[in-house]
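Colleague: Show me how the following folds:
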Amino acid sequence: MTEQTYATPIPRVISYVRVSTGAQAESGLGTDGQHHAVDREAVARGWRVIERITDDAVSGTTPTQRRPRLRAALERLRSGDAEVLAAARGDRVARSTIELLGLYECAEAEAEGWSLAALDAPVGLQGPESRLFIGVRAVIAEFETAMARARTTDALHAARRINVAAP
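Modeller: Residues are numbered from 1 along each chain as shown. This next block holds a predicted model:
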């Protein structure tokens, strides 16, 4: 009797990157670095990157439905063109806890056969530990956004006070 071997299909990956500002987009450094990180990880995990999608000058707080490039990537995943949406960090995909957790825990994703892989999450983490890690990271990303917004608001108020007080 001959032994049968089964080839495991190579996961097809869409590399998704995002930068928040026009200056970051123009320099290309942020986007190139993020795509390079996904490329390196794809080699390490045996993935094949089939497409690189970039959202330039888009805030992480912008909902998925208002990001045409991310929406297009999700549609490709849903149609079976790829099995993984990979991002260098979870906060590149979303800075809203609810939105990021929704993508990770998306019942449709599991049913449709695709997953989200943020490279800042430990490889192989599953079950309750995975949910805890992703939840904490999502809350931290949302907190960082709120703190940056508060600092900006405080700086603007301080600048207005200085301008008003100037003779």
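Colleague: What ranges does this protein have for its helices?
Modeller: Using DSSP state H, the helices of the chain run over residues 22-27, 29-45, 68-78, 90-93, 97-104, 107-112, 127-165.
Colleague: Remind me what the shortest one packs against, helices and strands.
Modeller: Think helix 90-93. If contacts are counted by 3 or more C-beta pairs under 8 Å, 6 or more residues apart in numbering; DSSP states H and E, helix 90-93 sits against strand 12-18, helix 97-104, strand 115-118, helix 127-165. (Each C-beta comes from the backbone N, C-alpha and C, glycine too.)
Colleague: Highest mean neighbour count across the helices of the chain, which stretch is it?
Modeller: helix 90-93 (a mean of 24; mean count of other C-beta atoms under 10 Å).
Colleague: Show residues contacting that helix.
Modeller: The contact list for helix 90-93, computed with C-beta atoms under 8 Å, 6 or more residues apart in numbering, reads 16-18, 34, 60, 70, 85, 87, 100, 103, 116, 118, 120-121, 134, 137-138, 141, 144.
Colleague: repeat that with 7 Å
Modeller: Residues outside helix 90-93 that contact it (C-beta atoms under 7 Å, 6 or more residues apart in numbering): 16-18, 34, 60, 87, 100, 103, 116, 118, 120-121, 134, 137-138, 141.
Colleague: Output that helix as PDB, nothing but the C-alphas.
Modeller: The C-alpha trace of helix 90-93 is given here as PDB (Å, rounded to 0.1, in the frame of the first residue of the first chain):
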ATOM      1  CA  GLY A  90      -3.700  45.700  14.400                       C
ATOM      2  CA  ASP A  91      -4.000  49.500  14.700                       C
ATOM      3  CA  ARG A  92      -3.200  49.800  11.000                       C
ATOM      4  CA  VAL A  93      -6.600  48.200  10.400                       C
END
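Colleague: where's residue 89 relative to residue 121, distance?
Modeller: 9 Å (C-beta to C-beta, to the nearest Å).
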